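*Asks:* Just the structure for this:
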Amino acid sequence: MTPDTQFLLVLLALSGITHGQKLKDSIYTDIEEIRPCFRRLNGTAEIGCTSSIGGNVGVVLYIKDEADVAKVSDDAFAPYIVLIDPAIFSGQLLNSLKSSGNVNGVILPSVTEGLWQGHYPKSGYSDDSTCPNSDSTCSTSNPWNPSGSNTMWVDWGFPIFLVQNQNATENLYNCFLQYNDKSTLSWPLCSMELKANMYGSKDSQTCIRRSHLFNITPLTVCDALSDNNIHYFVSPRNSTTPISSSSQTKEQSDESVIVVSARLDALSMFDQVEVGFDTPATGIVTLLTAAHLVSQAMKTMRYKAGVENVLFLLIHGESFDYIGSSRLVYDMENMAFPFNKSKSEAAETFYKNGTQPLFTKTNIMSFLELGQLSNSQGSDDIFMHSANNPKEMVDTLRSNNGGLSTMAVNGIPPASVKSFLADSSIPSVVLTNYERDYTNTMYHSIYDSADFHQYQYQEQGEEQKVVKHLAKVSMMVAKTIIHLATGQEAPQMEDQASLVNELLNCYTITANCTLFHEASEPGNYPWIFAPESRRKTPFPQYVGVRSSYHTLMTKLVLQYLTGTPEPLNAETNDTADIAEEKKNCLAKNQKQNVYRYVFLVGKSCYNTTGVECGKCYQTTVDTTEAASPAFLDGVMEDYDWSSGKYPTWTESIWKVISGRLFLQGSPAHDHGIFAMGIIILVVSMVVVFWLDKNSAIIFTQQKTVEVDNPVPVEM
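*Replies:* Predicted coordinates:
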């Protein structure tokens, strides 16, 4: 084959590929910005969504009211992909679609822009159940979460996509109007293909076992839900500091530490949009603000007799049977908080000149948890849910309410502290904005947003009711903790509305915010991204399967708000190398685990494109694993997966998430073409067989005459 021929063949091949791609693009329209519902598993079941391996295909139907649901019962054009007006979205609606047997998938458009802007579910909506975390003090007739639809905990069997791209959903709607919005349907029809096949199935035990079937190249089909918990001791703890002149070392005394906690995680059916304004954002913001105030005050104040420290906790994975708090309790009971002693000794990191004492549940004096705290209903009511007679804490909260209306309620709602109270009697209080029924009608859903709660960072700023309210709650909590820890009245403290507003912006509007920039590390978020590529929305607050930017930035903000600037020994000047300064700062973490040194950017040290300077901070903020004890070596091998002792949640792996729109012809026409192809194939095979068998008769062979040395004929 000549080079010219080879070149021609290559051109023909490329032109064929290009023509095929153009043909595909003319048939299909891809759907962008898909946020899928996906599969999760626990010790006994699977929940969530999946598609068949090849994807689910269906004719598009639009449902704008309850009367339209009857359309899916028409078997003639089934199955269907249903586009739903968010205003009627509910668990009851999804169950009706599933029970019809004619639905192959669901599309939910965004309410933030476009045709469905502001179409929040009319009666409220929550992906969670009416009794979150299967709370024993709750029933369907007396629920904590009246808006609970239980959609999060159902195995739907078909894909459900949230589509945030306005153009994509409006194109889908227009396609429906043009081809499918008829009194009598006829082909061709606007249709969709949804792909979201999940690898994990049955339950977590089966899924984990399948992931370890092949030792050489294991094929992971699911991962355990996990992240990190964050803890902050207000005062440094060094167990290796000698007591007086004796050789005895200091340990944490029983009932000597006041604990303040908030949860870190939100819950939603859909991936990458797990952001909650009322929960967890208001609790996180209040805790960070209170920790900042307490850290400043305790620099000049002394603890009263019997109190040795204050511990702030930010706990992850609480929406899934209290993953984070169950791990904290397990670690405290097994000499592994705030570090694992046996592992530290084996790794020779149990330093004689700088190691913290271990911390157990017996060291806890009292427990204060910050729950849902927004005042979207316009009320300044704060409810103090209590257990084990925390009279001193309740009275102190009341005396420092700062104009808030505080009311005591007997009994604890679904909260992290329940993990600590399982076999102990710690005096405990949970602060919330509800007495019994959640005031947040969008609890644990994509609709628990800043927009729904009418929070505006710039337009109204510090003058908003919710900002002023959370600033008051933060001040009340800080003054209460200071009084309980010192026995003295808290000093005069500045109003923190500005800090609250900045924090709410970071956690509910955009992660590309001022405070996250100031509390960032050079060489980490956001500086590893170009300005135009930085996230314009908040970080997802889902527990996930590994540590997240949400957890990282929360830790850094807590370090920034409570840490002490630490001078570096190395000679520095105005043009000091940032990388060298960071290296010298982080070197202080070696051979001690009392402090955590971190190099942060700070104010006036950055511009849009990068970092210009920074400071070293000495902090006592650190993290521990927020992964269920059920997945630990030494526990998992003999664990009873149906016992419910520990959370057993895993998340399925998937390969492709996609959706595409196309015009579908009559299946009868397709079936006819297929049947004709089969007939032609069979006939062709018969003809070929017959021709081959009778070829000697049909094609007679002519005899050939060979002439040796032929001689020209003379004429």
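*Asks:* Could you list the low-pLDDT ranges of the stretch 1-150 of the chain?
*Replies:* Scanning the stretch 1-150 of the chain for pLDDT under 70 picks out 1-26.
*Asks:* mind checking the longest helix of this structure?
*Replies:* helix 667-693 (DSSP state H).
*Asks:* How far off centre is that helix?
*Replies:* 54 Å (C-alpha atoms, centre = their mean, to the nearest Å).
*Asks:* List phi and psi for Leu177.
*Replies:* phi -60, psi -40 (degrees, to the nearest 10).
*Asks:* Let me fix that, I meant to ask about Glu193.
*Replies:* phi -120, psi 130.
*Asks:* ok now do it, which residues does it touch?
*Replies:* Shown in contact with Glu193 (C-beta atoms under 8 Å, 6 or more residues apart in numbering): Tyr28, Gly55, Asn56, Val57, Ser658, Gly659, Arg660, Phe662. No exception for glycine: its C-beta is placed from N, CA and C like everyone else's.
*Asks:* now it: how far from Gln272?
*Replies:* Going from Glu193 to Gln272 by C-beta to C-beta, to the nearest Å gives 22 Å.
*Asks:* same deal with Lys202?
*Replies:* Using C-beta to C-beta, we find Lys202 at a distance of 26 Å from Gln272.
*Asks:* out of the two, which sits in the busier spot?
*Replies:* Gln272 (16 against 13; other C-beta atoms under 10 Å).
*Asks:* Can you list the low-confidence ranges for the stretch 151-300 of the chain?
*Replies:* Using pLDDT under 70, the stretch 151-300 of the chain drops low at 214-217, 241-249.
*Asks:* any idea what sits nearest the residue positioned nearest the centre of the chain, other than its immediate chain neighbours?
*Replies:* Centrality entry for the chain: nearest residue to the mean C-alpha point is Tyr542, 1.8 Å, by C-alpha atoms, centre = their mean. With sequence-adjacent residues excluded and distances taken as C-beta to C-beta, 6 or more residues apart in numbering, Tyr542 is closest to Glu274, at 3.7 Å.
*Asks:* residues in contact with that neighbour?
*Replies:* For Glu274, the contacting residues are Asp265, Ala266, Leu267, Ser268, Pro540, Gln541, Tyr542, by C-beta under 8 Å, 6+ apart.
*Asks:* go again using 7 Å as the cut-off
*Replies:* Residues in contact with Glu274 (C-beta atoms under 7 Å, 6 or more residues apart in numbering) are Ala266, Leu267, Ser268, Pro540, Gln541, Tyr542.
*Asks:* Check Leu484 too.
*Replies:* When contacts are counted by C-beta under 7 Å, 6+ apart, Leu484 touches Ile258, Glu392, Met393, Thr396.
*Asks:* which one of these is nearest Val103?
*Replies:* Met393 (51.3 Å; C-beta to C-beta).
*Asks:* What is the subsequent helix or strand relative to the helix or strand harbouring that closest one?
*Replies:* Met393 belongs to helix 391-399 when assigned by DSSP states H and E. Downstream of helix 391-399, the first helix or strand assigned by DSSP H and E is strand 405-410.
*Asks:* where does the residue nearest to Tyr542 land in three-state SS?
*Replies:* What DSSP: H, G, I helix; E, B strand; the rest coil gives for Glu274 is coil.
*Asks:* Quickly note the distance from it to Met152.
*Replies:* Counting by C-beta to C-beta, the gap from Glu274 to Met152 is 11 Å.
*Asks:* shared neighbours of these two, anything?
*Replies:* Overlap of the contact sets of Glu274 and Met152 (by C-beta under 7 Å, 6+ apart) consists of Leu267.
*Asks:* quick revisit: please render the contacts of Glu193 as CSV that adds secondary structure, neighbour count and distance to Ala422 to the earlier fields.
*Replies:* Compiled in CSV, the contacts of Glu193 are given as follows (DSSP: H, G, I helix; E, B strand; the rest coil; neighbours: other C-beta atoms under 10 Å; distance: C-beta to C-beta, whole Å):
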residue, secondary structure, neighbour count, distance to Ala422
Tyr28, coil, 15, 54
Gly55, coil, 19, 45
Asn56, strand, 22, 43
Val57, strand, 19, 49
Ser658, strand, 16, 44
Gly659, strand, 27, 44
Arg660, strand, 17, 49
Phe662, strand, 16, 54
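*Asks:* for the residues you listed, which one is nearest Ser642?
*Replies:* Relative to Ser642, the closest of the contacts of Glu193 is Asn56; by C-beta to C-beta it sits at 31.4 Å.
*Asks:* Not counting sequence-adjacent ones, nearest residue to that closest one?
*Replies:* Asn104 (4.1 Å).
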